[in-house]
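Q: below is the sequence, then the predicted model.
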Number of protein chains: 4
Amino acid sequence: MEFRLGCELAYQLQQPTPFLFNVEVARTPIQAIRHEALAFTPALPQEAWLQPESGNRYLRVVAPPGRFVLHYEATVSLAPGLDDPAGIAEVPAGELPFAVYPHLYPSRYCQADRLTPFAQRTFGGLPGGYARVNGICNWIHDHVDYRAGSSDEQSSAMDTILDRAGVCRDFAHLAIACCRAMGIPARYVSAYAWRLDPPDFHAVFEAWLQGPTGGAWYIFDATRKAAPNGLVRIGIGRDAAEVAFASPFGAFEAEKPRVWIEAPGAAEGAITTAAVRVEG
Amino acid sequence: MEFRLGCELAYQLQQPTPFLFNVEVARTPIQAIRHEALAFTPALPQEAWLQPESGNRYLRVVAPPGRFVLHYEATVSLAPGLDDPAGIAEVPAGELPFAVYPHLYPSRYCQADRLTPFAQRTFGGLPGGYARVNGICNWIHDHVDYRAGSSDEQSSAMDTILDRAGVCRDFAHLAIACCRAMGIPARYVSAYAWRLDPPDFHAVFEAWLQGPTGGAWYIFDATRKAAPNGLVRIGIGRDAAEVAFASPFGAFEAEKPRVWIEAPGAAEGAITTAAVRVEG
Amino acid sequence: MEFRLGCELAYQLQQPTPFLFNVEVARTPIQAIRHEALAFTPALPQEAWLQPESGNRYLRVVAPPGRFVLHYEATVSLAPGLDDPAGIAEVPAGELPFAVYPHLYPSRYCQADRLTPFAQRTFGGLPGGYARVNGICNWIHDHVDYRAGSSDEQSSAMDTILDRAGVCRDFAHLAIACCRAMGIPARYVSAYAWRLDPPDFHAVFEAWLQGPTGGAWYIFDATRKAAPNGLVRIGIGRDAAEVAFASPFGAFEAEKPRVWIEAPGAAEGAITTAAVRVEG
Amino acid sequence: MEFRLGCELAYQLQQPTPFLFNVEVARTPIQAIRHEALAFTPALPQEAWLQPESGNRYLRVVAPPGRFVLHYEATVSLAPGLDDPAGIAEVPAGELPFAVYPHLYPSRYCQADRLTPFAQRTFGGLPGGYARVNGICNWIHDHVDYRAGSSDEQSSAMDTILDRAGVCRDFAHLAIACCRAMGIPARYVSAYAWRLDPPDFHAVFEAWLQGPTGGAWYIFDATRKAAPNGLVRIGIGRDAAEVAFASPFGAFEAEKPRVWIEAPGAAEGAITTAAVRVEG
């Protein structure tokens, strides 16, 4: 499926301020960039970096005082694997690819070590594999309210268990923590999310499972607010601490970001019920 | 029903050490002491105090170096009200007796303020009154493992939500926190508990509800390990911080406490399914 | 010294709503009420209660829909003991009056049990007694910023250690927790506070120490914002959980409270450096 | 300086159990391996992996039931840069190498986001650069007790601020959290540590600073228990969650690890006071 997407971020600055951006779409085996344009107003020298272990694309600028705008747009073609959920199993921890291990460890907002008793009591009885990760998403959907403003930048999976409310970032953190607590590697994904309403940067997650093609990352949206086959990856990381779309190093005022994504050729009903394999 | 109960506490001390004890059975409208004897070995001068707002009975001694033993035994007659759970309602917060309000507030180990979203999402849909408090006990029984050694003196209701394991004290704390979060006054009770196996000091709780005789404290055991009509009250308080059976002020070594309670005349099946009204 | 003080609290309600108020000045051995008037607009039937163990005075009304105002004013004469700080010692825990023990225990916002290592490492080397409590206040004053909006109703002493910012309530909580962790009984006090700028309800605390007249409660203001001999007590409790000036049981909109206190006959420099003994 | 070092790890297993080990010394610009031998008893097929972003070396085996031993020994030559601390500055966040950014983010045991107010209040007034990182180590050394058994695997920097006690891992976590909170990238290092007594695997940390050769990682030992020019790196990571010397995937019993390191040619006084530059 082909998507036209983009964002516009605007800031007011009092003094020259460095910014690190991660808004460009990642290049992955299933994600091809047909066209792409990024512009700063005023125009600025840029440093670009591709993080080898993640494929995340970073841009750094030093923005001048005054109003400052980043405009990004891209046309992206997405061709994920669509697998039968029934055949997707867990990989025993002793057999994981080495590069996957870091996504088993607890992280700042996903305290899998502390949540292990909760996760094992709650999800230990579920069938393994895709069904278990799906069951984790179902539990979160049923027990946590999605409510803007109910959490903040320091909210973690432990808080969400208690507060029973959060936003996409909190849903992803809790799901990731529960997966890791069950021995399933999981990582945080920032994305342009088709059919997310209102449109915004979205937070979802990927879990490493054993599908028909072998070990692979499958993508999940614990909020159930976007189409799983319409998630265009920007960045991956251990959790939100590592995946910010914009990191200003200094004081700033931000306007509300504009984010959009459309699938011009998609039929209305084109939301898949298959497992969406995005890598590996 | 009549109970013969008691305890023996033994310590080894290196130097004179003050102790505050709260092991004597409280006198309440439903709890009459037929016979009672308390002795220290070696014999010691004692200060006794009855706390007016709780009825808790305290003894203070300064124990000498060496081995030191408290022996307590009593015969207690218990005549709680046995009400039909179906007719027991909640009292609107604006209509509570003034003296009951402190048991609505959060306390050290019962962070009702923090647990309000959890409690309202989990127990808000239950029928009110006795049924809701019973539902809280059921939830704890189903979602938390009773396991000796799984918690410590600093464990609180917030921890138990995450750790999903605890002992009687933790079960009581979580139940109290959830009741208060739902607007139901609740207090911590230390007790001699008939049929608790192995015998030990037990922690249960009371909730203020509207029964056939008006507002009253009803007793509950979230662990479901003792007979609700065989709970002989020692002390009440906001939580375990206020209800210790022994508080030594100095270094000590303790032997394992011996605690016992028997109901010589009780039939085997004498465990009630009625709501047990203990005060008010 | 004589003080004229009062408050005005106004609310907008959609429906009949019960309120519990604790704004009236307490009667204590050092605090005499010369004149007092409390009025509700519209006029309302009231229930009054004096809590025996604290002396706190509560009023309960069911407020009607619409705008609703409580107006309170009083003339209070304050005659605290003024002792030489140098002669004020700690009371060994084994020798405290029985009624004082509850103020040694940890409470919701004063987790003395958890803060014991911090307190003992930080305050263990100070001289005991009044000097130690004063040293605790000094440490808080030097290490915590007083900043409106930096904390919320769930903030506790543990948070303040980490966040290094708070309001009067947080300063009192941290001081109380540290006192209790050092074996010094301490309790939370809400007060009208002379010279507090801007005027507001204030939170201070009392510690139980051994002065020239025996064991007594001495008052402290960890914020150092008010005159210690101009603190007129409203309520006492284990912490802020127990001492709210207004508890509405239902939805409401509140206007900003007006609070005032003046000492018409006081000289400008009338701030004492003595230890202020308020009870016992 | 040349070091002879090694370790011996022994386990008892009931069933075949996969293990992931990270005990082999890393190859770095300043760390050359002269000789190395690793053997399993019984002999086992091994999978080896070098993590590209860290240089950490991992070994995976499936150990059979029974007793199972890993023996490792190496001779390593260490030639760190020894710089004058006075000339070592901080790098503004907007000018860091891209690959260094992940070490600015908060992680599971280093909640730099939460500790920012504490760190800025405590370390904001120190001179910048090496002196500030050294000041952070001094503060930890002065305010936290090193005590075996005082923490556990879930202890984090937030806990150590409150508990004021920990082991090398906790010292490193707190130092890393404070560095990141001050805008200084920092990472966790597991090491063979010369002169650590008793010998054990050690946890230290590296901070990214601007020295005479440009941006570089400098190594610090917040415990002050080992010689900073005798720290032989095994692994690096965001915190201890990512750097375990052994990860068994299944039940096991472990014997106490044996760890050793000697510097045969070193003079007794060979502990440097220079800043030790290990990379970059």
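A: Okay, I see it. Here the structure is a predicted model, which means the values were calculated and not measured.

Q: show me where chain A has helices.
A: Taking DSSP state H as the criterion, chain A carries its helices at A:112-123, A:130-143, A:157-163, A:168-181.

Q: the last one and chain B in contact?
A: Looking back up the chat, that one is helix A:168-181. No: between helix A:168-181 and chain B, judged by CB under 8 Å from any CB of the partner chain, nothing touches; the nearest distance is 10.8 Å. Where C-beta positions appear, they are placed from N, C-alpha and C, glycine not excepted.

Q: hmm, that helix touching chain D?
A: No: using CB under 8 Å from any CB, helix A:168-181 stays clear of chain D, with a minimum separation of 10.1 Å.

Q: who does that helix touch, helix- and strand-wise?
A: Secondary-structure packing of helix A:168-181 (3 or more CB pairs under 8 Å, 6 or more residues apart in numbering or on different chains; DSSP states H and E): helix A:112-123, helix A:130-143, helix A:157-163, strand A:186-193, strand A:201-211.

Q: try the third one
A: Taking 3+ CB pairs under 8 Å, 6+ apart as contact, the helices and strands that helix A:157-163 lies on are helix A:112-123, helix A:168-181, helix B:112-123, helix B:157-163.

Q: closest to the centroid, which residue in chain A?
A: By CA atoms, centre = their mean, the mean C-alpha position of chain A lies nearest to A:Val189, the distance being 2.0 Å.

Q: bridged to that residue, which residues?
A: A:Val204, A:Ile236 (DSSP bridges).

Q: which parts of the stretch 1-150 of chain A sit against chain B?
A: Within the stretch 1-150 of chain A, the positions near chain B by CB under 8 Å from any CB are A:Arg114, A:Leu115, A:Pro117, A:Phe118, A:Arg121, A:His143, A:Asp145.

Q: please name the nearest non-neighbouring residue to the last one.
A: Looking back up the chat, that one is A:Asp145. The shortest distance from A:Asp145 to any non-neighbouring residue, by CB to CB, 6 or more residues apart in numbering or on different chains, is to A:Ala165 (4.3 Å).

Q: measure A:Ala99 to D:Asn56 for me?
A: The spacing between A:Ala99 and D:Asn56, counted by CB to CB, to the nearest Å, is 12 Å.

Q: not counting stretch A:91-98 itself, show me its contacts.
A: Here stretch A:91-98 makes contact (CB atoms under 8 Å, 6 or more residues apart in numbering or on different chains) with A:104, A:183, A:185, A:208-210, A:215, D:17-20, D:47, D:49, D:51, D:58, D:60, D:62, D:249-250.

Q: quote the end-to-end distance of stretch A:31-50.
A: The stretch stretch A:31-50 measures 16 Å between its terminal residues, going by CA to CA, to the nearest Å.

Q: ugh, wrong one, I meant stretch A:97-113
A: Stretch A:97-113 has its terminal residues 21 Å apart, counting by CA to CA.

Q: need the contact list for A:Gly81.
A: A:Ile30, A:Gly211, A:Thr213, A:Ala216, A:Val276, A:Arg277, A:Val278.

Q: A:Glu206 and B:Gly237: what is the separation?
A: 49 Å.

Q: between these two, which is the more surrounded one?
A: A:Glu206 (28 against 22; other CB atoms under 10 Å in any protein chain shown).

Q: just confirm the more buried one contacts A:Arg187, I think it does.
A: Yes: between A:Glu206 and A:Arg187 there is a contact at 5.4 Å, judged by CB atoms under 8 Å.

Q: between these two, which contacts overlap?
A: Listed contacts common to A:Glu206 and A:Arg187 are A:Trp217, A:Ile236; contacts here mean CB under 8 Å, 6+ apart.
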